[in-house]
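**Q** Got a sequence here, can you build the structure:
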Amino acid sequence: MANTYGKVSGTFQEADQIYAKVSGTWEEVDEVYGKVSGVWKLVFSAFEATSIQTLSSGSGTFSVPAQANAIHIQAAVGAGGGAVRGADYDKAGGESSGAGGGSGAFISDKIFSVTGGETMTYAIGSAGTAGNSGSSFNISAGNGGTTTLSGSTAGSLFSLTGGGGSSGTGGGVQGPLRTNTAGTAGSATINGTAITSGNFRDTDGTQKAVTTNTSGPDGTFNSSGNGAVGSNNGNCGGDNCRIGGSNGAASYDGNISGGSGGSSSGAGTNGSAGTRGSGGGGGAAQVNAGSTNGAAGGNGEIRYRFLKVN
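**A** Numbering: from 1, shown residues only. Purely as a prediction, here's the structure:
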């Protein structure tokens, strides 16, 4: 399809919108055809929203389409923090649950102004690692990484820090019991210019209000916020008491569950990993073999598409 130009004040300029009068009312034209060598050919098509793209690791760049003026962030989140293993003691008067990792800050269905043709630069936060090696009486898990997006023209749109990793410190084999600390919540910094009104042409060709974009994890237009603190079951009282691992913090305002804490029943189970920026689940204590492992948090992400908002 060829580019379509019109003369404005004596200068030809490329058209990104074309209108025609229908029954006395100006309406935007979807498509324009021209006859070339006796054959009708499409010479103009109104910009429709692009399909959702997902960035789940690493860093890099991508370009804004020439006709777009907005980026719809369906979902974005900092990475979740990792969780530590449980701890079992020798006649210390209790056992320790592994605290859960914190979740990353988030965006759900937020639309930012961008300029056609500009370069966008992104970085996706990596999941916080589990804390399972070394002494279980003094152990820490890794923090989740920060997810960012910026434009060569728009500047920084957002920075979503990851959730903190949990820890268990100050313990000894015969006591004292360690102090268990859950992973902290990630924080959101929003710098971009948010678009909260106007219309766009969706992928089905129909005009829709920007406020109809509610397909993200939070189910609410123009939503963003901090992450959450992981759970902390602490210590149980009495030698050989059994205690389950603590759950990781949920991400996206509670809509994506954190990793589950390990079970203390029988041989026990390890904590499970977080997903989509949620925290990892902690390990259990005083299972048949002593204690179980904590798990990593969930990686960060950005899910986006481009719009032309009028």
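
**Q** OK, contacts around the residue nearest the centre of the chain?
**A** Computing the C-alpha centroid of the chain and ranking residues by CA atoms, centre = their mean puts Val77 first, at 2.2 Å. By CB atoms under 8 Å, 6 or more residues apart in numbering, the contact set of Val77 is 103-107, 125, 147, 160, 227, 251-252, 276-277, 300-301. All C-beta atoms are positioned from the backbone trio N, CA, C, and that covers glycine.

**Q** go with 6 Å
**A** Shown in contact with Val77 (CB atoms under 6 Å, 6 or more residues apart in numbering): 104, 106, 251, 277, 300-301.

**Q** One more: Gly104?
**A** Applying CB under 6 Å, 6+ apart to Gly104 gives the contacts 77-80, 144, 160, 162-163, 186, 227, 277, 300.

**Q** cool, and Pro217?
**A** The contact partners of Pro217, by CB under 6 Å, 6+ apart, come to 75, 108, 252, 255-256.

**Q** Okay, and the beta partners of the residue nearest to the centre of the chain?
**A** Beta-bridge pairing for Val77 (DSSP bridges): Phe106, Glu301.

**Q** What's the separation between it and Ile190?
**A** 13 Å (CB to CB, to the nearest Å).

**Q** Going by neighbour count, which residues of stretch 52-65 are buried?
**A** Going by neighbour count (16 or more other CB atoms under 10 Å), the buried part of stretch 52-65 is 55, 64.

**Q** Stretch 297-310 too?
**A** For stretch 297-310, the neighbour count (16+ other CB under 10 Å) marks 297-309 as buried.

**Q** In a markdown table: those residues, plus distance to Asn235.
**A** Output for the buried residues of stretch 297-310, formatted as a markdown table (distance: CB to CB, whole Å):
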| residue | distance to Asn235 |
| --- | --- |
| Gly297 | 23 |
| Gly298 | 27 |
| Asn299 | 31 |
| Gly300 | 32 |
| Glu301 | 35 |
| Ile302 | 39 |
| Arg303 | 40 |
| Tyr304 | 44 |
| Arg305 | 48 |
| Phe306 | 51 |
| Leu307 | 52 |
| Lys308 | 57 |
| Val309 | 54 |
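
**Q** just curious, which of those residues is nearest to Gly281?
**A** Gly297 (9.7 Å; CB to CB).
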